[in-house]
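**Q** Take a look and give me a structure for this.
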Amino acid sequence: MKIDGMPWRTIWLEPDGWSVGVIDQTRLPHRFATRRLATLADAAEAIAGMVIRGAPRTCIAAIA
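**A** Numbering: from 1, shown residues only. Got it, this is the predicted structure:
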């Protein structure tokens, strides 16, 4: 998707090579925000809190 003309993916590997970044789905469509998931607890919280929605993104976050 494009935000202000810039292409974004809904989930990506952060530059540190360990954590993943995600678009916070709870803020859409009125606000664009991202979150960094660095631990298993971060990923579990994001899945439970609906920050990440949809089977493909949930699976990627769970195994990342």
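**Q** distance between the one helix or strand Gly21 maps to and the chain's centre?
**A** Here Gly21 sits within strand 20-23, counting by DSSP states H and E. How far strand 20-23 lies from its chain's middle: 3 Å, per Cα atoms, centre = their mean, to the nearest Å.
**Q** what are the pairing partners of that strand, and which direction each?
**A** strand 11-13 (antiparallel), strand 34-37 (antiparallel) (DSSP bridges).
**Q** Go through the shortest one and flag the buried ones.
**A** Okay, so that is strand 11-13. By neighbour count, with 16 or more other Cβ atoms under 10 Å as the criterion, the buried positions of strand 11-13 are Ile11. Placement of C-beta: from N, CA and C, glycine included.
**Q** Going along the chain, name the helices of this protein.
**A** Assigned by DSSP state H, the helices in the chain fall at 40-48, 55-63.
**Q** what mean pLDDT does the first one have?
**A** Averaged across helix 40-48, pLDDT comes to 89.
**Q** How far off centre is that helix?
**A** Distance, stretch centre to chain centre, for helix 40-48: 10 Å (Cα atoms, centre = their mean).
**Q** Using CSV, write out the CA atom coordinates for that helix.
**A** C-alpha atoms of helix 40-48 as CSV (Å, rounded to 0.1, in the frame of the first residue of the first chain):
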residue,chain,number,x,y,z
LEU,A,40,7.7,-13.3,21.4
ALA,A,41,5.7,-11.4,24.0
ASP,A,42,5.5,-8.3,21.7
ALA,A,43,4.2,-10.5,18.9
ALA,A,44,1.7,-12.3,21.1
GLU,A,45,0.4,-9.0,22.4
ALA,A,46,0.1,-7.6,18.9
ILE,A,47,-1.8,-10.7,17.7
ALA,A,48,-4.2,-10.6,20.7
